[in-house]
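Peer 1: Predicted model and sequence follow; I will ask about them next.
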Amino acid sequence: MNLSIFEMLMLICFGAAWPLNIYKSIRSTSTKGKSLLFLYVIGIGYVCGILHKIYFNYDMVIFLYILNLLMVTFDIILYYRNRRIEKAQEV
């Protein structure tokens, strides 16, 4: 098992931004400034990282990919919730 310190640091840096992003989504109840396409592309990237870890280079870094994917998934769910709230307020 060859643990990549730089890959781990990259995922920690990327992952550090998601809690604040999620907090803002919860508080604002707005989709303004959000890109659903961006969230899905990032999520797909994390899925690809997980698959690479499973098939070619399994190590503990996979848990950082999974954690980041869970946070992106939660932000996507919040996006749909906020969009529903915005539509309800339009009426």
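Peer 2: Good, I have the coordinates. Numbers count the residues shown, from 1 in each chain.

Peer 1: where does the protein dip in pLDDT?
Peer 2: 1-2 (pLDDT under 70).

Peer 1: The same query, at a cut-off of 90, please.
Peer 2: Scanning the chain for pLDDT under 90 picks out 1-4, 57, 90-91.

Peer 1: Excluding covalently adjacent residues, which one is nearest to the residue most central in space within it?
Peer 2: Nearest residue to the geometric centre of the chain (Cα atoms, centre = their mean): residue 72, 2.0 Å. Leaving aside its sequence neighbours, residue 72 sits nearest to residue 43 (Cβ to Cβ, 6 or more residues apart in numbering; 4.6 Å). C-beta: built from backbone N, CA, C; applies to glycine.

Peer 1: from what I can see that neighbour touches residue 71, true?
Peer 2: No - if you go by Cβ atoms under 8 Å, residue 43 and residue 71 don't touch, sitting 9.8 Å apart.

Peer 1: so who does the residue nearest to the centre of the chain touch?
Peer 2: Contact partners of residue 72, counting by Cβ atoms under 8 Å, 6 or more residues apart in numbering, are 18, 39, 42-43, 46.

Peer 1: Could you pick out which of those residues are located in helices?
Peer 2: 18, 39, 42-43, 46 (DSSP state H).

Peer 1: Of these - the most surrounded one?
Peer 2: residue 46 (22 neighbours; other Cβ atoms under 10 Å).

Peer 1: In terms of secondary structure, what does the one helix or strand residue 23 maps to contact?
Peer 2: If you go by DSSP states H and E, residue 23 is part of helix 5-28. Helix 5-28 sits against helix 62-90, with contacts defined as 3 or more Cβ pairs under 8 Å, 6 or more residues apart in numbering; DSSP states H and E.

Peer 1: Let me have the ones in helices among the contacts of residue 72 in JSON lines, adding distance to residue 78 as columns.
Peer 2: JSON lines is the format used below for the ones in helices among the contacts of residue 72 (distance: Cβ to Cβ, whole Å):
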{"residue": "18", "distance to residue 78": "11"}
{"residue": "39", "distance to residue 78": "10"}
{"residue": "42", "distance to residue 78": "14"}
{"residue": "43", "distance to residue 78": "13"}
{"residue": "46", "distance to residue 78": "17"}
